[in-house]
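Asker: generate coordinates for the sequence data below:
(one chain, ligands or ions: 1)
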Amino acid sequence: ENGLQAWLRYAPLPAGHNAPALPSSIIALNSSASSPVNTAGQELQKGIQGIFGKTLRVSSTGKATSAAAVVGTVSQFQKAFGNSPVTDALSLEEDGFWLNVQGSTVQILGQNERGALYGAFEYLSMLAQGNFSDVQYATNPAAPVRWINSWDNMDGSITRGFGGNSIFFANGGVLSNLTRAAEYARLLSSIRINAAVVNDVNANFTTINPENIQGVGRIADVFRPYGVQLGLSLDFASPMELGNLSTYDPLDDGVIAFWDDITQQIYDRIPDFAGYLVKADSEGKFFVSPSAMLNSTEFNLGTPGPLVYNRTLAQGANLFAQAIKPFGGIVMYRAFVYNQLPDEAIWTADRANAAVDFFQPLDGQFDDNVIVQIKYGPIDFQVREPASPLFANLLETNTALELQVAQEYLGQQTHLVYLPPLWRTILDFDLRVQNQSSFVRDVITGERFKRPLGGSAAVVNVGLNDTWLGSHLAMSNLYAYGRLAWDWTSDSEEILQDWTRLTFGLDETVIDTITQMSMASWPAYENYSGNLGEQTLNDILYTHFGPNPQTLDNTPWGQWTRADHTSIGMDRTVSNGTGFSGQYPPEVAAMFEDIETTPDNLLLWFHHVNYTQKLKSGKTVIQHFYDAHYEGAETAHQFVGMWESLKGKIDDERFEDVLYRQVFQAGHSIVWRDAIVNFYNNISGIPDDAGRVGHHPFRIEAESMELDGYQPYVVSPFEAASGSIAIV
Ligand code: BDP
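Answerer: Have a look, this model is predicted:
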């Protein structure tokens, strides 16, 4: 068991699970190779073979007798059998399906072929979990856009990828062997993801040169049988870089013609192309000349965009929207802009304000096939952030939520962090727009503001590693993302348990233990990494991995905690601070404006307070830091013993692999704990009530050992090693 099959293992059921009445044949109502209905037939055959050892014949015609599993679209069903299915099946929405299991008679009908395939996966998921109940229901997606983003580069590397090199690209082109891409599409389709953007948001113009359009066309070909559409990220400056134009101004006729032509070329090769993803005017200084933007080697100068030509972000988005509209495609336009102010203000401007500052005035100006894709919080995938206020500021614009399955700031898959409980804090947040209930989950589906389009995208970044993400346990986050994107009200723990049964089998101890570990994991990570809303105290400059709290206040990127000798926290109030709290609708703004009504877990996000400030728990801020870091690391240590208790209940290969990671996490949680408590102890001069900081009775320092080939090394910043000394 190397993890490659993820949750689609179709493992035989353990003894004691008597096989139910199974269909004796499969009728898949389309047999053409690229058809998802054909895939559904193959998948049903494979699943039933794996789980029950029974090989069923698949045909595309036949009588819908009892004891058959019929899979197809509603209209294929009507055509084949001349009779109409029940009304529930007739009123399905796009991608929805109807599942009717009555013992050995199974009917799986999709509104479209993709829906039929989803239904087949659903039936197999029930069987694989030993659930043999008769069921009869229709289900529809919460929103039409259920995408993933891959930050894969043309050279085969993956930005913030932790599971090996790209399954799509190498050496500037598309891989000749796309087996893994097809297997990935199978996983995505089983969790009802309907499109995947395959290249990094910091796009390279070469992705859309003629040769690579043919290449990505081959990726689309292997995605198609799974109902997964392909999308591409674009480099805004391509008209200059690829088209040899002297400008990439979105209003220039030559530029418009360039994008029309590229779009035509893409649709010629990929008729079911999903759409574009655009990151423009982001992560860098704006207002520099186009050529400076292109020729600069300066770190992070930024991604080119319409602001370079004094055009608005809406004008930038609509350029692509108009090119793609005739083909029915959409544009996902990212709201990840910051550094919005000229140089002199970059040490004082609050990055959290940028998205609303830019996008709110443009509300109503985006074309109908544009969706503004918004990261869940206003900074960048931190361990705790308030919901982005942009969700409350775009009432006449389609929006989508951007999540990150890749744990960029959250341990990069070497730490177990089950993310849905974090995502829930955003989805279930009520923004109270116009003093009415306005949950983020209802904004992004389009329901709250009656928008025609909406949904979500998650940055996943799987790689060639057999485990996909680099860690077996991290796959629960991908699985859960798909489940939530279909139904944002689903329960995090139930999703996790389904995933565990499918991934590791039906043993109750295994399910309980993985549930306990996973549900405790995000709170533990928050405890040892960054508390009370002060963000993940990562090394923010380069790695985004281990602790380096000093970097937060030493960059011009606006991710500050404003820690000094007496106080900490970023004052984002209207009365005294950056005004960020005023970007929320009145009821929410009032809550965050006042320390008394700001929840403790976001206190330092919104307020600058003394270390001795009392929390609602009665503890001081500084004592909370100390206690939380020790508690968090202790929880991470318990994971090791909990996992070890599963020895023999899980195959050795995956058992050892996960154990290795849990031991690493336990060790690294101490590195985190000590770096952060030392930092705050040093800067505040306030001792820990429990006397733990700097006290390590059982520790043997590496530099005190006999060193063979190693030298002691004084590290900077001091808190990164005990006694400031590491060995190298
Ligand atoms: C940041 C990543 C950077 C991405 C950026 C983005 O560190 O590599 O390009 O997000 O979302 O978190 O565009």
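
Asker: quick check: Ala195 vs the ligand, distance?
Answerer: Going from Ala195 to the ligand by Cβ to the nearest ligand atom, to the nearest Å gives 18 Å. Using the backbone N, CA and C atoms, a C-beta is placed for each residue, glycine as well.

Asker: next one: Leu478
Answerer: Relative to the ligand, and taking Cβ to the nearest ligand atom, Leu478 is found at 18 Å.

Asker: can you tell me the closest non-neighbouring residue to that residue?
Answerer: Val405 (5.1 Å; Cβ to Cβ, 6 or more residues apart in numbering).

Asker: and the one you found, what does it touch?
Answerer: 148, 419, 458-461, 469, 474, 477-478, 481 (Cβ atoms under 8 Å, 6 or more residues apart in numbering).

Asker: next step: those residues restricted to helices.
Answerer: When DSSP state H is applied, the contacts of Val405 are split such that 477-478, 481 fall in helices.

Asker: just the CA trace of stretch 495-502, in CSV.
Answerer: What follows is stretch 495-502 as a C-alpha-only set of coordinates in CSV (Å, rounded to 0.1, in the frame of the first residue of the first chain):
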residue,chain,number,x,y,z
ILE,A,495,-16.1,13.5,6.2
LEU,A,496,-12.9,12.5,8.0
GLN,A,497,-14.3,9.2,9.1
ASP,A,498,-15.5,8.4,5.6
TRP,A,499,-12.1,9.2,4.3
THR,A,500,-10.5,7.0,7.0
ARG,A,501,-12.6,4.0,6.3
LEU,A,502,-11.9,4.3,2.6
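
Asker: identify all contacting residues around it.
Answerer: 7-9, 125, 128-130, 418, 420, 475-476, 479-480, 483-484, 510-511, 514-515, 518-519.

Asker: buried subset of those?
Answerer: The neighbour count (16 or more other Cβ atoms under 10 Å) marks 7-9, 125, 128-130, 418, 420, 475-476, 479-480, 483-484, 510-511, 514-515, 518 as buried among the contacts of stretch 495-502.

Asker: please name the residues that touch Ser31.
Answerer: 38, 41, 60.

Asker: any idea which of these has the most stuff around it?
Answerer: Greatest neighbour count in the contacts of Ser31, by other Cβ atoms under 10 Å, goes to Gly41: 29 neighbours.

Asker: SS state for that residue?
Answerer: helix (DSSP: H, G, I helix; E, B strand; the rest coil).

Asker: for Pro556, same thing?
Answerer: Pro556 is classified as coil under three-state DSSP.

Asker: so it touches Trp347, yeah?
Answerer: Yes - proximity of Pro556 to Trp347 meets the contact threshold set by Cβ atoms under 8 Å, at 5.7 Å.

Asker: more neighbours, those two?
Answerer: Neighbour comparison, Pro556 and Trp347: the larger count goes to Pro556, with 15 against 12 (by other Cβ under 10 Å).

Asker: identify the residue nearest that one in space, chain neighbours excluded?
Answerer: Nearest to Pro556 is Ile346, by Cβ to Cβ, 6+ apart, at 4.1 Å.

Asker: return the per-residue confidence for the one you found.
Answerer: pLDDT, Ile346: 70.

Asker: which regions of this protein sit below the pLDDT cut-off?
Answerer: Low-confidence segments of the chain (pLDDT under 70): 284-301, 339-344.

Asker: in it, which helix is the longest?
Answerer: The chain, longest helix under DSSP H: helix 652-684.

Asker: just checking, what packs against it?
Answerer: Helix 652-684 sits against helix 508-529, helix 549-552, helix 621-644, with contacts defined as 3 or more Cβ pairs under 8 Å, 6 or more residues apart in numbering; DSSP states H and E.

Asker: the last one to helix 508-529, inter-axis angle?
Answerer: Regarding helix 621-644 and helix 508-529, their directions subtend 150 degrees when assessed with axes from the mean of the first three to the mean of the last three Cα atoms, to 10 degrees.

Asker: next, the buried residues of helix 621-644.
Answerer: Those buried within helix 621-644 under the rule 16+ other Cβ under 10 Å are 621-630, 632-637, 639-640, 642-643.

Asker: ditto for stretch 117-135
Answerer: Buried-residue list, stretch 117-135, by 16+ other Cβ under 10 Å: 117-130, 132.

Asker: what do you get for stretch 690-699?
Answerer: By 16+ other Cβ under 10 Å, the buried positions in stretch 690-699 come out as 692-693.

Asker: any residues of the chain in contact with the ligand? List them.
Answerer: Residues of the chain lying close to the ligand (Cβ under 6 Å from any ligand atom) are 159-160, 201-202, 279, 282, 336, 380-381, 408.

Asker: between those residues, which is nearest Leu242?
Answerer: Asn202 (15.9 Å; Cβ to Cβ).

Asker: show me what contacts the closest one?
Answerer: 151, 159, 233, 279, 303.

Asker: around the last one, how many other residues sit close by?
Answerer: Thr303 has 22 neighbours, counted by other Cβ under 10 Å.

Asker: Val459 is in contact with Leu403, correct?
Answerer: Yes - contact criterion Cβ under 8 Å: Leu403 and Val459 qualify, at 7.3 Å.

Asker: ok, the two, which is more surrounded?
Answerer: The residue with more neighbours, out of Leu403 and Val459, is Leu403; 26 against 22, by other Cβ under 10 Å.

Asker: ok, which stretches of the stretch 401-550 of the chain are strands?
Answerer: Ranges of strands in the stretch 401-550 of the chain, per DSSP state E, counting those that start in this stretch, are 454-459.

Asker: and the residue of the stretch 401-550 of the chain at minimum distance from the ligand, what does it touch?
Answerer: Proximity of the stretch 401-550 of the chain to the ligand (Cβ to the nearest ligand atom) peaks at Glu408, 5.5 Å away. Counting by Cβ under 8 Å, 6+ apart, Glu408 touches 160, 381, 459, 544.

Asker: are we agreed that the second one is in a helix?
Answerer: No - counting by three-state DSSP, Phe381 falls outside a helix, being coil.

Asker: so it makes contact with Lys375?
Answerer: Yes - counting by Cβ under 8 Å, Phe381 does reach Lys375; the two are 6.6 Å apart.

Asker: what touches both of those two?
Answerer: Gln404.

Asker: any chance of the helices and strands packed on helix 652-684 in CSV, with distance to Arg432 too?
Answerer: What follows is these, written out as CSV (distance: least, Cβ to Cβ, whole Å):
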stretch, distance to Arg432
helix 508-529, 25
helix 549-552, 30
helix 621-644, 28
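
Asker: hmm, who's touching stretch 165-181?
Answerer: For stretch 165-181, using Cβ under 8 Å, 6+ apart, the contacting residues are 150, 152-158, 184, 198-199, 206, 211-212, 215-216, 218-219, 222-223, 462-464.

Asker: strands of the stretch 251-400 of the chain, residue ranges please.
Answerer: Going by DSSP E, counting those that start in this stretch, the stretch 251-400 of the chain shows strands at 275-278, 330-334, 370-375, 398-404.

Asker: what's near enough to touch the residue nearest the centre of the chain?
Answerer: Using Cα atoms, centre = their mean, the residue of the chain that lies closest to the mean C-alpha position is Gln404, 2.6 Å off. Contacts for Gln404 (Cβ under 8 Å, 6+ apart) come out as 375, 381, 458-459.

Asker: go again with 6 Å.
Answerer: By Cβ atoms under 6 Å, 6 or more residues apart in numbering, the residues touching Gln404 are 381, 459.

Asker: and what of Glu587?
Answerer: Contacts of Glu587 (Cβ under 6 Å, 6+ apart): Arg432.

Asker: where's it, which helix or strand?
Answerer: helix 586-593 (DSSP states H and E).

Asker: next one: that helix to chain centre, how far?
Answerer: Here the centre of helix 586-593 is set off from its chain's centre by 28 Å, with Cα atoms, centre = their mean, to the nearest Å.
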